[in-house]
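Colleague: predicted model, plus sequence, below.
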Amino acid sequence: MMVFLARRYAFSSENRHRITSVRIASGLALCLFAITMVLAFMQALQTNQFEDIRTFESFDVHIPLSFTDLKKGAALVGELQELPLVDHAFLYSEIPVLLQGLDGSTLAGRIRAIESKGPFAEQLHPYRGQLFTPGTLASSYLHLSSVKLGESVEVTLLKKGKQATVIPTQKSLTVGSIFYTSMYDFDSSTFLTDLPTLYSLNENAPLSVGIFSSAKSEAVARQVRQMDPTLEPVTWKEANASLYGAMQLEQGMMALMLFLMIVVILIHIRNSSKRLLLAKQREIAMLRSMGLPKRRVQQLFVLQALIVSAVGAISGGLLSFCGVLAYPAFSEYIYTSLGVHLKLVIRPLDLLFLVVLVLFFSGIASYLGTRRILKADIMEMFAHDEVQ
Amino acid sequence: MMKSNEVLSLQGVGKSFPATARGGEPIEILDSINLSLFSATSVAITGKSGSGKSTMLQISAGLLSPQRGKVLFSGQDLTALGDDKLSTIRSRSMGFIFQSSLLLDDFTALENVAVPAMIAGIPQRVAKKRAKKLLESVGLGDRLDHKSDQLSGGERQRVAIARALVNDPLILFADEPTGSLDERNAELIENMLFAMVAEKEVALMLITHNKAFALRCDRVYNLHNRSLEVVQ
């Protein structure tokens, strides 16, 4: 009997207030869709940014070495490569430089020397020329106005001196290739070359090992320390502590925004539930006069609210999945405006949490609303004007 | 003390309402009302508008609580019962007919009559079967699937009569059942109401302005100055 009445008061075509139920369910579906998509986009943006940082900037883990011997470094890389959590290990070095462009401009940045194969090199996009040609420098597409392919540029770097600790030295290098990546900060500050070329410029350049791993970077660092306690691995989170902190703050703000959106949903549910109950006040009085006890009236309208909310929440969930499925068709527009390829993913647990929250609050709002209405005498409820 | 076939007994019932929503000196509506109603008998309450007739009916049916006195229904004091027990009594032993028929607008005539039976715990199929039979008996066999707004005033009131009788109640409360009907329909409803009351042997408490209608009852009272005066 309760299901019969609750269904009639929810979406039945016989129900005069069906449009109110439809409005409530649509509102819920759209809000849920909006929250889920915002969540998916923000998570995708963060993931994309973190992936860029891990790919180009600091790798998953890096280990600063206390020596500059390339052969010894290669032997260590071989050992690290054997560790179960390490997908790929490689040597690299970086030194700060000032680069004099042909147009007279000065570019401050770094030269990174790294192996020409492997996951890092695969993520680089060559624009012109051959990347990692020995004795040449690769410059970013961003500096194309001042650093051109095939031309010689003056590089100022700091070398160990005999009387002073460091002395500035100038060298000439030919630009052998132009590249670009998906990370603007990396492109604007980095020139690339191979290790022998870098060491020909500065034989004291600090040597490091980079590691890519699909495992958690903390676990990889632990395994490296177990293998050789003298090594001091640095995870990408440690290397970018301030950026990671800022990202976490951003995530906190995002959570706050989503919380506010959820509050808006909950207010929508509360108001709609109140409206729906007011619309049925005279019918509640009739049911009461027919002998339906207060607690069953409450059960009836909680059940009705759950049916309406469930339809709204399920529709919202389906809309979200459709949105993610349809996203590839619009991804090009996102790429042209943001310059990133985002991979949208819906976390089922997040969605489930939202659905449960919506259902729980609908039930509570309806329960409390009905309880308030039922405080009035039956005859008082009869006298209430009908709300459309 | 109740007599064996006494269905309803009002004992010293008094009711007052606050003068304004903010309170103030209360207005006395009913004072020391005593009334007994036996099975298969009918009683009419007449009186001027605002004399407290409907209030008395609502108190008698447990829809409103009195400030003083007792309302005994088949020996049970309604004023002392909790909502569940009171609802059970209303569902299984009382039937209501209001002036404006008050049907459930989202339901058909058949469903309107079946719902009280379902509330009383009768399975939906059986309830609908019983509702159909009752609607046929009040001449609405061809209006089963019509909703409230598709029925005339007289037809709605006939549905209300069928609805009030669906659970075979001990007592029927009728508050101005013909008040909003034209003469022809009013007469039809009066005849139908008394025929059904006689057939089902239920007690009837009728509130009406219509003297002729009231005089068809076994006893007639006039509510005047907060007290009942015997007319017939």
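Modeller: Yep, that arrived. Residues are numbered from 1 along each chain as shown, chains lettered A, B, ... in the order given.
Colleague: now do the same contact list for the closest residue to A:V38 other than its chain neighbours.
Modeller: With sequence-adjacent residues excluded and distances taken as CB to CB, 6 or more residues apart in numbering or on different chains, A:V38 is closest to A:L258, at 7.0 Å. The C-beta positions use only the backbone N, C-alpha and C, and glycine is treated the same way. A:L258 is in contact with A:I35, A:V38, A:L39, counting by CB atoms under 8 Å, 6 or more residues apart in numbering or on different chains.
Colleague: three-state assignment of residue 102?
Modeller: Unless you meant another one, I'm taking chain A. Secondary structure, DSSP: H, G, I helix; E, B strand; the rest coil: A:L102 is coil.
Colleague: hmm, I had chain B in mind actually
Modeller: Per three-state DSSP, B:L102 ends up coil.
Colleague: number of residues surrounding the spatially closest residue to it that is not a sequence neighbour?
Modeller: Of all residues not flanking B:L102 in the chain, A:M286 sits nearest, at 5.7 Å (CB to CB, 6+ apart). A:M286 has 24 neighbours, counted by other CB atoms under 10 Å in any protein chain shown.
Colleague: pLDDT score assigned to A:H384?
Modeller: Confidence at A:H384, expressed as pLDDT, is 63.
Colleague: returning to that earlier point: residue contacts, the residue nearest to B:L102?
Modeller: A:F382, B:L102, B:L103, B:L104.
Colleague: nearest to B:S60, of those?
Modeller: A:F382 (16.3 Å; CB to CB).
Colleague: isn't the closest one up against A:I284?
Modeller: No - if you go by CB atoms under 8 Å, A:F382 and A:I284 don't touch, sitting 9.7 Å apart.
Colleague: neighbour-wise, which of these two wins?
Modeller: A:I284 (24 against 20).
Colleague: the host helix or strand of the more buried one: how far from the chain's middle?
Modeller: Here A:I284, judged by DSSP states H and E, is contained in helix A:281-289. Put simply, helix A:281-289 sits 51 Å off its chain's centre (CA atoms, centre = their mean, to the nearest Å).
Colleague: picking up where we left off before, please report how far the residue nearest to A:V38 lies from B:A198.
Modeller: Distance, A:L258 to B:A198, using CB to CB, to the nearest Å: 68 Å.
Colleague: residues touching A:F382, list them.
Modeller: Counted by CB under 8 Å, 6+ apart, A:F382 has contacts A:R282, A:A285, A:M286, B:F98, B:L102.
Colleague: neighbours around the first one, how many?
Modeller: What that stands for is A:R282. 19.
Colleague: let me know the pLDDT of it.
Modeller: Reported pLDDT for A:R282: 85.
Colleague: among the contacts of A:L258, which ones are in strands?
Modeller: Among those, no member falls in strands (DSSP state E).
Colleague: and those residues, which is closest to chain B?
Modeller: For the contacts of A:L258, the closest approach to chain B (CB to the nearest CB) belongs to A:I35, at 32.7 Å.
Colleague: spatially nearest residue to the closest one (excluding sequence neighbours)?
Modeller: A:M261 (5.2 Å).
Colleague: now whatever helix or strand the one you found lives in and helix A:281-289, what's the angle there?
Modeller: Using DSSP H and E, A:M261 sits in helix A:241-279. Going by axes from the mean of the first three to the mean of the last three CA atoms, to 10 degrees, helix A:241-279 is angled at 70 degrees with respect to helix A:281-289.
Colleague: contacts only, for whichever residue of the stretch 151-300 of chain A sits closest to chain B.
Modeller: The minimum distance from the stretch 151-300 of chain A to chain B, using CB to the nearest CB, falls at A:G291 (2.4 Å). Residues in contact with A:G291, defined by CB under 8 Å, 6+ apart, are B:S87, B:T88, B:I89, B:R90, B:S91, B:R92, B:M94, B:P116, B:I119, B:A120.
Colleague: rerun that using 10 Å as the cut-off
Modeller: B:86-94, B:96, B:116, B:119-120, B:167 (CB atoms under 10 Å, 6 or more residues apart in numbering or on different chains).
Colleague: those residues also near chain A: which ones?
Modeller: Filtering the contacts of A:G291 for neighbours of chain A using CB under 10 Å from any CB of the partner chain leaves B:86-94, B:96, B:116, B:119-120, B:167.
Colleague: of these, which is the nearest to A:F186?
Modeller: Distances from A:F186 to the ones next to chain A among the contacts of A:G291, taken by CB to CB, are shortest for B:I119, at 72.0 Å.
Colleague: what number of residues lie near residue 197?
Modeller: As the question left the chain open, I've gone with chain A. A:T197: 19 neighbours (other CB under 10 Å).
Colleague: wait, chain B was what I had in mind.
Modeller: B:V197 has 21 nearby residues by other CB under 10 Å.
Colleague: what's the nearest residue to it if we skip its chain neighbours?
Modeller: B:L204 (4.9 Å).
Colleague: the one you found touches B:G95, doesn't it?
Modeller: Yes - using CB atoms under 10 Å, B:L204 makes contact with B:G95 at a distance of 9.4 Å.
Colleague: joint contacts of the two?
Modeller: Joint contacts of B:L204 and B:G95 (CB under 10 Å, 6+ apart) are B:I171, B:L172, B:F173, B:A174, B:M196.
Colleague: separation between the residue at minimal distance from the centre of chain B and chain A?
Modeller: Compute the mean C-alpha point of chain B, and by CA atoms, centre = their mean the closest residue is B:F173, 1.5 Å away. For B:F173, the distance to chain A equals 9 Å [CB to the nearest CB, to the nearest Å].
Colleague: show me the contacts for the one residue in the stretch 51-200 of chain A that gets nearest to chain B.
Modeller: Residue nearest to chain B within the stretch 51-200 of chain A: A:E51 (55.2 Å; CB to the nearest CB). Residues near A:E51 by CB under 10 Å, 6+ apart: A:Q123, A:S182, A:M183, A:V340, A:K343.
Colleague: packing partners of the longest strand along chain A?
Modeller: When chain A is parsed with DSSP E, its longest strand is strand A:166-180. Under the contact criterion of 3 or more CB pairs under 10 Å, 6 or more residues apart in numbering or on different chains; DSSP states H and E, strand A:166-180 touches strand A:88-100, strand A:125-129, strand A:136-140, strand A:152-160, helix A:184-189, strand A:190-193, helix A:195-201.
Colleague: can you redo these as TSV with distance to A:E57 and mean pLDDT?
Modeller: Output for these, formatted as TSV (distance: least, CB to CB, whole Å; pLDDT from 0 to 100):
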stretch	distance to A:E57	mean pLDDT
strand A:88-100	11	89
strand A:125-129	17	85
strand A:136-140	14	88
strand A:152-160	21	83
helix A:184-189	6	85
strand A:190-193	9	90
helix A:195-201	18	88
